[in-house]
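Q: Any chance you can model this:
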Amino acid sequence: MAISDSVVAVFTDHPSAEAAVKKLADSGFEMKNLSVVGKGYHTDEKVVGFYNMGDRVKFWGARGAFWGGLWGLFFGGLFLTIPIVGHVVVLGYLAAIIFSGAETAVLTGGLSAIGAALYSIGVPKDSVLQYETAIKADGFLVIAHCGPDDVARAKDILGTTNPASLEIHSAANG
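A: From the prediction side, this is the model:
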């Protein structure tokens, strides 16, 4: 399946984001074509961090169980520090894009690494800024990267999970 479109849902809390990921997976979407982006922890927490031993990752902090559980479902992730936003965890498809093209963030109008990755998959700059603002405000992005045949299905599934916002972006328009 050629991936050309992305369905982006914004959630205000991690249980809703986790439920959305599980609903997509249960509906037949491959985990390798999904992404989750959100802050790793709140700045008022005292013990924060993670360690990686092979494919096993352990997180600490109030969201440790959330990120640790999702990390095991995905095929890779990143833990980034982004100016102004703070510490952010990116799991799945988008993490690979960031990892392979982190240097392009400098070339994409001053966007963060997350913003540059979103822009590279067809998300317009105004939407990129909205998504970065949502992450900064402790929101979570759940993204289904799919071909044109699965876009409507992904949007319908994510729509049942009550996201704060839900949009389709086409790489052809980016």
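Q: ranges for the helices of this protein?
A: Along the chain, the stretches classed as helices by DSSP state H are 14-26, 64-73, 93-101, 104-107, 113-120, 125-136, 151-159.
Q: could I get those helices as JSON lines with distance to residue 36 and mean neighbour count?
A: Just so you know, the C-beta spots here come from the backbone N, C-alpha and C atoms, and that holds for glycine as well. Formatted as JSON lines, the helices of the chain follow (distance: least, Cβ to Cβ, whole Å; neighbours: other Cβ atoms under 10 Å):
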{"stretch": "helix 14-26", "distance to residue 36": "6", "mean neighbour count": "18"}
{"stretch": "helix 64-73", "distance to residue 36": "6", "mean neighbour count": "18"}
{"stretch": "helix 93-101", "distance to residue 36": "8", "mean neighbour count": "19"}
{"stretch": "helix 104-107", "distance to residue 36": "20", "mean neighbour count": "14"}
{"stretch": "helix 113-120", "distance to residue 36": "12", "mean neighbour count": "24"}
{"stretch": "helix 125-136", "distance to residue 36": "11", "mean neighbour count": "17"}
{"stretch": "helix 151-159", "distance to residue 36": "12", "mean neighbour count": "17"}
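Q: could you dump the ones you listed to CSV with mean pLDDT and distance to residue 145?
A: Listed next are those as CSV, based on pLDDT from 0 to 100; distance: least, Cβ to Cβ, whole Å:
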stretch, mean pLDDT, distance to residue 145
helix 14-26, 91, 11
helix 64-73, 50, 15
helix 93-101, 68, 5
helix 104-107, 47, 18
helix 113-120, 84, 11
helix 125-136, 92, 14
helix 151-159, 96, 9
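Q: any chance of these in JSON lines, plus distance to residue 32?
A: Below are the helices of the chain laid out as JSON lines (distance: least, Cβ to Cβ, whole Å):
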{"stretch": "helix 14-26", "distance to residue 32": "11"}
{"stretch": "helix 64-73", "distance to residue 32": "10"}
{"stretch": "helix 93-101", "distance to residue 32": "7"}
{"stretch": "helix 104-107", "distance to residue 32": "22"}
{"stretch": "helix 113-120", "distance to residue 32": "16"}
{"stretch": "helix 125-136", "distance to residue 32": "21"}
{"stretch": "helix 151-159", "distance to residue 32": "14"}
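Q: Of all the ones you listed, which one is nearest residue 5?
A: Using Cβ to Cβ as the measure, helix 151-159 is the one of these that comes nearest residue 5, at 4.8 Å.
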